[in-house]
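S.K.: Any chance you can model this:
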Amino acid sequence: MELNDANLQTLTEYLQKTLNPDPLVRRPAEKFLESVEGNQNYALLLLTTLEKSQDEVIRVCAAVTFKNYIKRNWRIVEDEPNKISDPDRTAIKANIVNLMLTSPEQIQKQLSDAISIIGREDFPQKWPDLLTEMVNRFQGGDFHIINGVLRTAHSLFKRYRHEFKSNELWMEIKLVLDTFAQPLTELFKATIDLCQTHATDVNALKVLFSSLTLISKLFYSLNFQDLPEFFEDNMETWMTHFHNLLTLDNKLLQTDLVSNAIQFLASVCERPHYKHLFEDQNTLTSICEKVIVPNMEFRSADEEAFEDNSEEYIIRDLEGSDIDTRRRAACDLVRGLCKFFEGPVTAIFSGYVNSMLTEYAKNPSVNWKHKDAAIYLVTSLASKAQTQKHGITQANELVNLSEFFVNHILPDLRSPNVNEFPVLKSDAIKYVMTFRSQLPKEQLLETVPLLVAHLRAESTVQHTYAAHALERLFTMRGPNNSTLISAAEMAPFTEQLLNNLFNALAILGSSENEYIMKAIMRSFSLLQEAIVPYIPTLIGQLTHKLLQVSKNPSKPHFNHYLFESLCLSIRITCKANPVSVSSFEEALFPVFTEILQSDVQEFVPYVFQVMSLLLEIHTNNIPSSYMALFPHLLQPVLWERTGNIPPLVRLLQAYLEKGGATIASSAADKIPGLLGVFQKLIASKANDHQGFYLLNSIVEHMPPESITQYRKQIFILLFQRLQSSKTTKFLKSFMVFINLYCVKYGAIALQEIFDDIQPKMFGMVLEKIVIPEVQKVSGQVEKKICAVGITKILTECPAMMDTEYTKLWPLVLQALIGLFELPEDDSIPDDEHFIDIEDTPGYQTAFSQLAFAGKKEHDPIGDAVSNPKILLAQSLHKLSTACPGRVPSMLSTSLNTEALQFLQGYLQAASVQLV
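M.R.: Sure thing, here's the model as predicted:
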């Protein structure tokens, strides 16, 4: 693609179309951009468009498209083509910083993110001048540019807060400090001075304080791993100004900087060597009274977000992204102080809580914010340790949570008007959710019908919290590892629960509410067969919802839980009545067909998983509706997307399991296509195990004669890969495959196919792969397959007894006994690099496994062999009777004492002996 006006015009037209709400216009445009993004200069065309276009919307669209392009393609993945040419990479890095700093803020943020993504891969080794170029921009005094630099630096350095210590990390931080620490300190001082100069100019202050907030974040990141020498030497400068900011009271400015300052105080008070600073009772009282209590208040900005921007409010409040809010900072400071001063701090705040509740009681409709602050303060005081799964796991024993629940939380939950005081109702629901592991079961059971009623609330926050609280309660474990709340205990509320959950999806603003859909999924999982009578109605509602969201998928979590709920409906209903699988197919296939034909990339992997689940439920042959789809599943374009590979392999495995014979008889011309898929997968280090899953199913389920002509070529491909790139993962999979082949076709067939490829190849495989590597095989079924296969090689292959292979016989037996008795060898060579499937970037959405579409582990040997050790003993006995004297003589001369003892144990357990 040349960088010319015609291509810029074409790109602009397609970008315009990607904004069209009509999927028939939008999707082809997205497909076109996907098809050309591998061309050289594509990224430069995007950058030129976002720099020079006269249309602001197109500029932003180009910026977002560019950022996503970088996100998908910048990382260079082993075994995958480099999707961005080297000249393009150089040109992008040469231009992007200047472009980012001179763009409007909306575009600046997108390009800043792109720089962070590139920086994660290339900084500092492949992009050594990045920091110098950024720091030089501090000099100009333009705070639009300065904030762009600070924002980008923050996105690059914030990972220092959670990286593990390593020499590589220390070297990078030292390089950053050498270039960045001094200019950052100078900028900090200059910005503080400017704040005093412009103390009466609210617009200037907002810009300056946004800079100070970013500078504080950078200070935190650069000091997180350890206190660097530079900052130790300049501590007075930083701390003096931080102190001034903490005590600053400029009425023009309701700023987030206060929260950063409080956050800093919170991190200091938790460290033992600063404990003495806070020991004085007056200091504690002063901090509680002047810093914490005023910042616990529910501000007008919070109220506005609660009512008008509920999604943002929920993310901040429930998911902890409220790190920059005053409330969250004050809450963290309470927890920090409680680490060393729990008694005094609890005593100070108890008085405040009581007076706040008294004020509320005087006039609830006016003073409701007092109660809100009281609940928040109690929650902060009581919470010592917390997990996402269990809520608060360790509480302040000085706070009586159960009593507070009865006196102040339950009355709000019981209030007959669910729409009155929505903030306090949401607080009450959140209290139950937060302290669910601390409250007794009877109190939790009492709240369940109340929470079900709150699903009807008009407030988005309130009904979302009710759904989330129910979902969390349903995951709690009771004695015997069963759920704390049983399906029987939910029986009186089942119908109301399901009705209210599905009706909540119809409330304005909640049509794709992920918390409600997750609660539906969890309710299905808890109630199990109790939902069967409702399924005919519910499946219609779920299918309709699926059709709606497939037009424009925008909420990945919602979509995931929607598919999980569909899987649960299928599993639960078909467990009771397998024949009903056809009614699910009737309901779902029209929607699935539309999704596949429209190529809704986000949903295609999910559709394949649900189809696998449906097909696996069938007991007879493959229905014709599935066979009609079979050829389409082998199309190369489907296999280009990494996210499709695991679910497609599983679906093909289901086809083979249910209809290997049908494929052999009515679709034999598709077998080369099936093997073509195997060949593609086996060539990739990331996906070779998926290739083996497919190959194992072909060997296990296809009639032997249908693949006879392809067998030799399969082995040749595997040997070629072994020679070019032998990884531990590949070796383990290869070992399982050859042993499965041996179990299926016999040891003689295995030996003959190896020696047919190259004379004495069978011996080489045993000597170089099986004997030294079998210890690495992991997984119960995999070990069983290897044990049975190796037993057959030892006892059913004449060549092992009568040729030059005989010298390997005791070594193979010793390796098999090692597989039984020695711990698994999980060592991996230092130079080996494994790629996580999820980490492989690609255009498509990454594969998301549906938990409730999960497949039971399959044992191809099954009950035919229950104990491989007994099989070995019986097989050796049979061999020894066929050639008396040979086996004991080989054992006594070649097997070590320990292995002999184990073998004697197997023979005794099988009640046989060798002759």
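S.K.: For the rest of this, base every contact and every neighbour count on C-alpha atoms.
M.R.: Will do.
S.K.: So what's the gap between stretch 332-341 and the chain middle?
M.R.: 32 Å (CA atoms, centre = their mean, to the nearest Å).
S.K.: let me fix that: stretch 473-490
M.R.: Taking CA atoms, centre = their mean, one finds the center of stretch 473-490 at 26 Å from the center of the full chain.
S.K.: Also stretch 409-416?
M.R.: Counting by CA atoms, centre = their mean, stretch 409-416 comes out at 37 Å from the chain centroid.
S.K.: tell me the mean pLDDT over it?
M.R.: On average, the pLDDT along stretch 409-416 is 95.
S.K.: quick one: buried residues of it?
M.R.: Ile409, Leu410, Asp412, Leu413, Arg414 (16 or more other CA atoms under 10 Å).
S.K.: Which two of these have the greatest separation?
M.R.: Across those, the longest distance by CA to CA is 8.9 Å; it joins Ile409 and Arg414.
S.K.: Quick check: the gap between the closest residue to Lys441 other than its chain neighbours and Arg436.
M.R.: Distances taken as CA to CA, 6 or more residues apart in numbering place Leu484 nearest to Lys441, at 7.8 Å, with adjacent residues excluded. Distance, Leu484 to Arg436, by CA to CA, to the nearest Å: 11 Å.
S.K.: Mind checking which of the two has more residues around it?
M.R.: Arg436 (21 against 18; other CA atoms under 10 Å).
S.K.: Three-state assignment for that one, please.
M.R.: Under DSSP: H, G, I helix; E, B strand; the rest coil, Arg436 falls in the coil class.
S.K.: so what's Thr494 scoring on pLDDT?
M.R.: 97.
S.K.: That one in helix, strand or coil?
M.R.: Under three-state DSSP, Thr494 comes out as helix.
S.K.: Could you give the number of residues near it?
M.R.: Around Thr494 there are 20 residues (other CA under 10 Å).
S.K.: Pro449 and Phe493 touch, don't they?
M.R.: Yes: judged on CA atoms under 8 Å, Pro449 makes contact with Phe493 at a distance of 6.7 Å.
S.K.: the more surrounded of the two?
M.R.: Of the pair Pro449 and Phe493, Pro449 is the one with more neighbours under other CA under 10 Å, namely 19 against 15.
S.K.: which is the next helix or strand following the helix or strand harbouring the more buried one?
M.R.: Pro449 belongs to helix 441-454 when elements are defined using DSSP states H and E. Next in sequence after helix 441-454, counting helices and strands by DSSP H and E, comes helix 460-474.
S.K.: quick one, phi psi at the residue nearest to Lys441?
M.R.: phi -60, psi -40 (degrees, to the nearest 10).
S.K.: Now for the nearest residue in space to Ile861 that is not next to it in sequence: which residues touch it?
M.R.: Once flanking residues are discounted, Ile861 sits nearest to Ile785: 7.2 Å by CA to CA, 6+ apart. Residues in contact with Ile785, defined by CA atoms under 8 Å, 6 or more residues apart in numbering, are Val736, Asn739, Leu740, Val743, Pro860, Ile861.
S.K.: measure stretch 762-769 end to end?
M.R.: The first and final residues of stretch 762-769 sit 10 Å from each other (CA to CA).
S.K.: Only the buried residues of the helix ranked longest in the chain, if you could.
M.R.: The helix that spans the most residues within the chain, counting by DSSP state H, is helix 326-362. Residues of helix 326-362 classed as buried: 326-342, 344-346, 349-350, 352-353, 356-357, 359-360 (neighbour count, 16+ other CA under 10 Å).
S.K.: Who are the packing partners of it?
M.R.: helix 257-269, helix 281-286, helix 293-295, helix 364-382 (3 or more CA pairs under 8 Å, 6 or more residues apart in numbering; DSSP states H and E).
S.K.: Mean pLDDT and distance to Asp599 added to these, as a markdown table?
M.R.: What follows is the helices and strands packed on helix 326-362, written out as a markdown table (pLDDT from 0 to 100; distance: least, CA to CA, whole Å):
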| stretch | mean pLDDT | distance to Asp599 |
| --- | --- | --- |
| helix 257-269 | 73 | 46 |
| helix 281-286 | 84 | 61 |
| helix 293-295 | 84 | 50 |
| helix 364-382 | 90 | 47 |
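S.K.: quick one, what contacts Ser310?
M.R.: Thr460, Val461.
S.K.: rerun that using 6 Å as the cut-off
M.R.: Applying CA atoms under 6 Å, 6 or more residues apart in numbering, we find Ser310 in contact with Val461.
S.K.: Repeat that for Leu333.
M.R.: Ala266.
S.K.: Report the separation between it and Ser383.
M.R.: Taken as CA to CA, the span from Leu333 to Ser383 is 12 Å.
S.K.: quick revisit: Ile771 is nearest to which of the helices and strands packed on helix 326-362?
M.R.: Ranked by CA to CA, the member of those that lies closest to Ile771 is helix 257-269, at 55.5 Å.
S.K.: Give me the residues contacting that closest one.
M.R.: Contacting residues not belonging to helix 257-269 are listed as Thr213, Leu246, Asp324, Thr325, Arg326, Ala329, Leu333, Gly336 [CA under 6 Å, 6+ apart].
S.K.: ok, now with 7 Å
M.R.: Here helix 257-269 makes contact (CA atoms under 7 Å, 6 or more residues apart in numbering) with 209, 213, 216, 242, 246, 274-275, 324-326, 329-330, 332-333, 336-337.
S.K.: Which of the contacts of Ile785 fall within strands?
M.R.: Taking DSSP state E, every one of those sits outside strands.
S.K.: how about these in a markdown table, adding distance to Trp639 and pLDDT?
M.R.: What follows is the contacts of Ile785, written out as a markdown table (distance: CA to CA, whole Å; pLDDT from 0 to 100):
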| residue | distance to Trp639 | pLDDT |
| --- | --- | --- |
| Val736 | 24 | 97 |
| Asn739 | 28 | 97 |
| Leu740 | 26 | 97 |
| Val743 | 30 | 97 |
| Pro860 | 26 | 93 |
| Ile861 | 30 | 94 |
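S.K.: Going by neighbour count, which residues of the helix or strand where Thr573 lies are buried?
M.R.: Secondary structure assignment for Thr573, by DSSP H and E: helix 556-576. By 16+ other CA under 10 Å, the buried positions in helix 556-576 come out as 558-574.
S.K.: Likewise for stretch 131-141?
M.R.: Per 16+ other CA under 10 Å, stretch 131-141 contains these buried residues: Leu131, Met134, Val135, Arg137, Phe138.
S.K.: For Val64, see how far away the second one is.
M.R.: Counting by CA to CA, the gap from Met134 to Val64 is 22 Å.
S.K.: again with the first one
M.R.: When distance is defined by CA to CA, Leu131 is 24 Å away from Val64.
S.K.: Kindly report the same for Trp238.
M.R.: 37 Å.
S.K.: coming back round to it: residues making contact with the helix holding Thr573?
M.R.: 512-514, 517-518, 520-521, 524-525, 528-529, 532, 535, 580-581, 606, 610, 850, 852-853.
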